[in-house]
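Chemist: Please find the sequence and the predicted model below.
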Amino acid sequence: MIEDEDASPVMQACGIDLTRLRRDIESEGATDPTTGLGHVLQLAFNEAQLSERTVVTGADMLVELFAEPVGRFLLAQGATRYDALVYLSHGIAKGAIADVEADSGDAPYLELVLLNDSYTPAEFVTFVLENVFGMSRERATAIMFSTHARKRGSCGIFPRAEAAVLREKIQNLAAARQHPLRCVLLPAGDAPDQDRPLPN
């Protein structure tokens, strides 16, 4: 995986020193490439199918390695599965400051927009919408499908401070569950209250 054209950049984005990784693996004699390979490939294939992807890459296999015994070499350098997923989904390297608020102005209202990715399960997006925004299952499912189809989905328009708090809740919940779900805040101008989502 160290020399794989898809996995190597992901490891580097996660802060992994590839020279150290190779040395650590070789020093423990864990270099047999066929040990558990079929199992990891099957896990990566299953994840790809759930995400409606047709190709499994070395990066997909790398993500699955974090849960395997050999994953200890990656974890020893402070990398996590979540780090890899955020990079693969949004191009955000570990330690980089994400552009989570696209609005740099002073609009009093902001639109909170979910960004689609290939790794966050649809069920989790629906869970977030139900629990953070108090939406009904039907409304949450409709927004989840819209997010998937359009690559982004609006959760509503909120006063600036409230939008920032909601964004933080979503990001913390996603990180705690190891899903790369991201959201941005976009200027909405002077939005009336009726543009805010209703609980049901």
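Modeler: Cool, got the structure.
Chemist: Which residue ranges of the chain form strands?
Modeler: 109-115, 152-159, 182-189 (DSSP state E).
Chemist: which other helices and strands contact the second one?
Modeler: To tie it back to what came earlier, the one meant is strand 152-159. With contacts taken as 3 or more CB pairs under 8 Å, 6 or more residues apart in numbering; DSSP states H and E, strand 152-159 sits against strand 109-115, helix 122-133, helix 137-150. Just so you know, the C-beta spots here come from the backbone N, C-alpha and C atoms, and that holds for glycine as well.
Chemist: Could you identify which of the ones you listed is most buried?
Modeler: With neighbours taken as mean count of other CB atoms under 10 Å, the helices and strands packed on strand 152-159 reach their highest mean count in strand 109-115, at a mean of 22.
Chemist: Who are the packing partners of it?
Modeler: Helices and strands touching strand 109-115, by 3+ CB pairs under 8 Å, 6+ apart, are helix 137-150, strand 152-159, helix 160-176, strand 182-189.
Chemist: now the angle between strand 152-159 and it, please.
Modeler: Here strand 109-115 runs at an angle of 160 degrees relative to strand 152-159 (axes from the mean of the first three to the mean of the last three CA atoms, to 10 degrees).
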